[in-house]
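>>> What follows is a predicted structure for the sequence shown.
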Amino acid sequence: MGIMSQKRPRSARESAKADSLFVADNEMEQERMDRMMDSRETAGTDQDIKVWNMQAEAEEKEEDMEELKERYILSLERIKDIITEENVREPYRDYFRRTASFIIMVNETVSQGNGNHAETPDMETLRMQNDRLYEDIIGDNYESSYANPAYAVKMLGKEYGKLLSFLYAEIRGMIVYACEGRLHDIVIHNELFIEIYNLFEYEEENTAEEIQKAIYWFVSDYSDVTVEYRVREQLDPTLSFATDIIMHADLNDLRYLYRFGEYISENELKTAEHLNSLPQEKIDAMAFTFTEGYRIGFVKGNKDFSKKEIVNIRYSLGFERIVRAAVIQFAKLGLKPTIYRAAVNTINKKQHYKIGYCGTSANKQYDYDHKADNAIYLDKAFAERKLGVLRVAYEKYRDLAGKFAGPAVMEIFGETPFVPKNKEEAYTLSEKQQKISVNYDSEAGQIVNEYIKGEERSFTIIAYPVPEIGENFKEIFDEVVKINTLDYNLYENIQQTIIDALDQGDYVHIRGKGSNQTDLKVRLYKLDDPEKQTKFENCVADVNIPVGEVFTSPQLEGTEGRLHVSQVYLNELKYTDLFVDFKDGMVSDYGCSNFDTEEENRKYIRENVLYHHETLPLGEFAIGTNTTAYVMAEKYQIADKMPILIAEKMGPHFAVGDTCYSWAEENKVCNPDGKEIVAKDNEVSILRKEDVSRAYVNCHTDITIPYNELGEISVVKSDGTRITIILDGRFVLEGTEELNKPLKNMVD
């Protein structure tokens with residue numbers, strides 16, 4: 001359904017104010033609102049969370065708090081009436097009643113849990129409340145939920161079902177808004193719901209078109225609020241909802257987890273319980289690996305750390321003890337944290353990925369079903385408006401952006417591997433919209449880099465398992481801690497031996513073995529001064545924890561062949577028999593065997609690996625050296641659950657997309673031996689000097705071949721002679737024998 005360029009309909013706010021059926025018991029609702037306004041999180045210090053006041057401050061320029069409270073009261077009363085009204089015919093009446101009941105439940109449930117500590121419900125009550133908020137999208141319940149576009153279309157028809165499923169998914173974000181006290185977000189979604197309900201009360205032939213226009217203008221009109229708030233969440237440490245809980249809650253009382261408003265599973269509870277069993281010294285040591293890696297990233301990247309004041313911490317709930325220790329350590333480095341949650345509104349989401357803190361997904365299929373909901377409103381005019389709002393927001397927070405150091409990320413792994421179903425009822429971007437999306441990402445990346453300069457920022461990433469990994473969780477957790485703290489010097493010296501061999505080569509030849517079809521030549525950068533220059537970075541435990549890889553930005557011309565892997569998980573999605581063909585370093589063909597048809601398989605890769613681009617360059621080639629991690633994964637049979645952060649160290653890996661040095665190519669970086677790394681650009685990234693919009697694709701996906709599928713990695717000199725580094729999954733280059741010791745007792 002396309003966006004109709006017709007007269008703009010009245011806004012949701014206008015609709016709500018004009019609704020003559022708004023009747024409220026003001027005294028009762030005012031009393032309840034005052035209780036919500038006066039509520040405080042149970043921090044127990046003078047730094048208790050004041051979320052309502054923060055939001056009120058943010059909204060002062062638009063309207064005073066009294067008007068906002070009045071709109072809230074009126075909209076909630078109107079929604080209560082919808083539950084019992086019969087003004088809308090079936091089957092739509094059931095949808096509106098169930099959605100209205102959900103809105104009322106969210107407001108009541110969250111307000112009950114926001115009292116003082118002495119009044120906080122017991123653990124079982126909190127668990128039941130949390131289950132109520134998420135129960136209709138969990139497990140089999142999702143099959144009969146309007147959040148499921150397949151069910152919505154079945155019950156409401158194709159014309160209305162997809163639109164109303166989108167609306168309900170957006171309304172589910174109220175759990176977060178109510179928990180954080182973001183009254184403005186609650187009100188505008190209440191009013192949108194009422195506006196669309198009104199369209200069904202006076203149903204006409206063009207109701208579906210009017211619904212789409214209402215959604216379009218809602219998302220567009222309020223983008224100056226929603227997009228700006230997202231930028232501010234990233235940059236402003238005073239938006240401290242999560243930070244306050246982490247730093248001031250009693251972390252031994254696991255009730256604190258329910259204060260975040262996320263879905264809380266056994267992963268969060270058992271992780272927090274396990275961390276509470278560890279001595280503080282071990283917690284501090286894990287945090288130090290994280291924060292010290294972050295600091296070293298600035299040192300190795302030759303970036304000025306002294307002018308940075310803000311670090312963005314991203315993590316999964318349950319790890320608060322480590323995060324608290326990290327916040328304290330970052331403070332000693334002069335950094336304050338911003339800790340924002342993964343977006344719940346479509347305008348700020350990036351497909352189904354969760355960027356920011358979050359709990360376990362209540363249903364990954366639900367997330368996947370709604371990954372392209374922006375297809376409802378994405379057109380050129382909207383993209384241009386969003387870019388304008390993004391620039392205004394960064395300009396407003398220019399000073400904070402200049403002090404922003406970059407993200408520090410704690411990933412998790414061990415969840416049951418997810419294989420999505422492609423539903424025809426779910427929204428997908430049209431070809432035109434895919435191009436708009438690619439262009440938007442490119443221009444948005446340029447705006448962000450203008451205010452948070454790539455050559456001045458850094459990052460670090462570390463990963464830990466969650467209890468869902470199985471009965472050996474505690475043992476695996478301990479093994480991962482050891483892997484994250486392997487001997488820096490040992491790997492540095494061995495990897496330098498590999499780099500010395502690679503620096504002699506014209507290209508690297510990689511072949512698979514057995515059923516692995518990989519046969520790929522990767523062209524290397526040509527050194528002008530081998531005594532002072534090098535092609536590969538010696539990557540030990542700094543920004544990319546754990547230790548264990550050497551990597552480069554390949555030259556594209558002459559890079560060709562097939563990359564193949566029997567099974568791999570990329571961004572939490574499973575791929576079976578994935579192959580990617582390259583010609584002059586660009587993706588020329590691709591496929592997998594996940595689905596029944598070639599068309600479905602190609603679409604799956606195009607959406608989730610190529611991110612709607614026609615092609616992508618080979619941005620990175622690396623050789624992983626962490627055989628200890630590989631053996632651990634095989635020992636516990638968890639190779640299919642390993643995060644790419646560790647998996648990429650367990651064999652050679654190849655990244656499609658930007659190089660590892662994107663936006664920071666001019667920074668001088670040297671290996672520990674003093675040689676400067678000069679292989680930072682390829683034929684695409686170098687276009688930044690002519691037209692920056694052609695240089696970056698704003699994605700980077702690593703694909704790893706495990707050692708047991710690897711036949712050979714040899715570097716080929718210009719005279720045709722070969723230096724073999726790996727043969728039949730074992731390191732054979734002289735000086736690398738130590739890497740085979742963990743593999744000694746393994747049988748491929």
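It's in.
>>> got the contact list for I328?
Going by CB atoms under 8 Å, 6 or more residues apart in numbering, I328 touches A287. Where you see a C-beta, it was placed from the backbone N, CA and C, and this is true even at glycine.
>>> Now do the same for F654: helix, strand or coil?
The three-state label given to F654 by DSSP: H, G, I helix; E, B strand; the rest coil is strand.
>>> give the contact list for the residue nearest to G414 when sequence neighbours are not counted.
Leaving aside its chain neighbours, G414 sits nearest to I469 (2.9 Å; criterion: CB to CB, 6 or more residues apart in numbering). By CB under 8 Å, 6+ apart, the residues touching I469 are 413-415, 476, 636, 638, 641.
>>> switch the cut-off to 7 Å
414, 476, 638, 641 (CB atoms under 7 Å, 6 or more residues apart in numbering).
>>> what do you get for E738?
For E738, counting by CB under 7 Å, 6+ apart, the contacting residues are 490, 494.
>>> quick revisit: so which one among the contacts of I469 has the lowest pLDDT?
The weakest per-residue confidence within the contacts of I469 falls on K641 (88).
>>> can I assume that one is in contact with T416?
No - here K641 does not reach T416: they are 8.2 Å apart, not a contact under CB atoms under 7 Å.
>>> out of the two, which sits in the busier spot?
K641 (21 against 10; other CB atoms under 10 Å).
>>> Would you enumerate the residues in contact with the more buried one?
So K641 contacts 413-414, 417, 469 (CB under 7 Å, 6+ apart).
>>> got the buried residues for stretch 300-316?
For stretch 300-316, burial by neighbour count (16 or more other CB atoms under 10 Å) applies to 300-301, 303, 305, 308-316.
>>> picking up where we left off before, quick check, nearest of the contacts of K641 to E292?
E292 lies nearest to F413 out of the contacts of K641, by CB to CB, at 22.0 Å.
>>> where's K371, which helix or strand?
K371 belongs to no helix or strand when assigned by DSSP states H and E.
>>> next one: the one 10 residues further on
Counting by DSSP H and E, the secondary-structure element that holds A381 is helix 380-396.
>>> Give me the helices and strands touching that helix, please.
Under the contact definition 3 or more CB pairs under 7 Å, 6 or more residues apart in numbering; DSSP states H and E, helix 380-396 sits against helix 223-235, helix 431-451.
>>> Of the ones you listed, give the one that comes closest to D136.
Nearest to D136, of these and by CB to CB, is helix 223-235 at 24.7 Å.
>>> Can I get the following helix or strand past that closest one as CSV, trimmed to CA atoms?
Downstream of helix 223-235, the first helix or strand assigned by DSSP H and E is helix 241-248. Only the C-alpha atoms of helix 241-248 are listed here, as CSV (Å, rounded to 0.1, in the frame of the first residue of the first chain):
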residue,chain,number,x,y,z
PHE,A,241,16.9,5.6,34.5
ALA,A,242,19.0,2.5,34.0
THR,A,243,22.2,3.9,35.6
ASP,A,244,20.3,4.8,38.8
ILE,A,245,19.0,1.3,39.1
ILE,A,246,22.4,-0.3,38.5
MET,A,247,24.2,1.9,40.9
HIS,A,248,21.8,2.2,43.8
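>>> what mean pLDDT does helix 241-248 have?
Rounded mean pLDDT across helix 241-248 is 97.
>>> and if you look at stretch 174-192?
94.
>>> From one end of that stretch to the other, what's the distance?
Taking CA to CA, to the nearest Å, stretch 174-192 runs 13 Å from one end to the other.
>>> Off-centre distance for it?
22 Å (CA atoms, centre = their mean, to the nearest Å).
>>> follow-up on the earlier one: relative to helix 223-235, how tilted is the helix holding A381?
40 degrees (axes from the mean of the first three to the mean of the last three CA atoms, to 10 degrees).
>>> what's helix 380-396 in contact with?
Under CB under 7 Å, 6+ apart, the answer for helix 380-396 is 220, 223-224, 227-228, 231, 401, 436, 440, 443-444, 447, 451.
>>> got the residue ranges for the helices in the stretch 551-700 of the chain?
598-608, 627-635, 644-647 (DSSP state H, counting those that start in this stretch).
>>> Mind checking the ones you listed for the one nearest to C592?
helix 598-608 (4.9 Å).
>>> which residue packs closest to K513, ignoring adjacent ones?
G711 (3.4 Å).
>>> quick one: contacts for that neighbour?
Here G711 is in contact with 511-513, 728 (criterion: CB under 7 Å, 6+ apart).
>>> So it: helix, strand or coil?
Relying on three-state DSSP, one would call G711 strand.
>>> gap between it and Y146?
From G711 across to Y146, the span is 51 Å (CB to CB, to the nearest Å).
>>> Show the model's pLDDT score for the closest residue to L239 other than its chain neighbours.
The spatial neighbour of L239 that comes closest, neighbours along the chain excluded (CB to CB, 6+ apart), is E233 at 5.5 Å. As predicted, E233 sits at a pLDDT of 97.
>>> Give me the neighbour count for E233.
19.
>>> pretty sure it is touching Y340, no?
Yes - the criterion here is CB under 7 Å, and E233 meets it with Y340 at 3.7 Å.
>>> Can you tell me how far Q280 is from K270?
Taking CB to CB, one finds Q280 at 20 Å from K270.
>>> In contact with the nearest residue to C539 once chain neighbours are set aside, which residues?
Sequence neighbours aside, E549 is the residue nearest to C539 in space, at 4.8 Å (criterion: CB to CB, 6+ apart). E549 makes contact with 539, 622-625, 648-649, according to CB under 7 Å, 6+ apart.
>>> Of those - the most surrounded one?
K649 (29 neighbours).
>>> Would you mind pulling up the elements that whichever strand or helix holds L192 packs against?
In this structure, L192 is located in helix 183-201 according to DSSP H and E. Here helix 183-201 touches helix 12-18, helix 51-59, helix 65-82, helix 92-112, helix 158-171, helix 174-180, helix 207-221, going by 3+ CB pairs under 7 Å, 6+ apart.
>>> Export those helices as TSV, with columns for distance to Y357 and mean neighbour count.
As requested, those are arranged in TSV below (distance: least, CB to CB, whole Å; neighbours: other CB atoms under 10 Å):
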stretch	distance to Y357	mean neighbour count
helix 12-18	29	18
helix 51-59	16	17
helix 65-82	27	19
helix 92-112	18	18
helix 158-171	20	22
helix 174-180	11	23
helix 207-221	24	20
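>>> Of all the ones you listed, which one is nearest P121?
The nearest among the helices and strands packed on helix 183-201, by CB to CB, is helix 92-112 at 7.1 Å.
>>> next structured bit after that closest one?
Helix 92-112 is succeeded, C-terminally, by helix 123-134 (DSSP H and E).
>>> now that following helix: mean pLDDT?
95.
>>> Now do it: distance to the chain's middle.
On the basis of CA atoms, centre = their mean, helix 123-134 sits 26 Å off its chain's mean C-alpha point.
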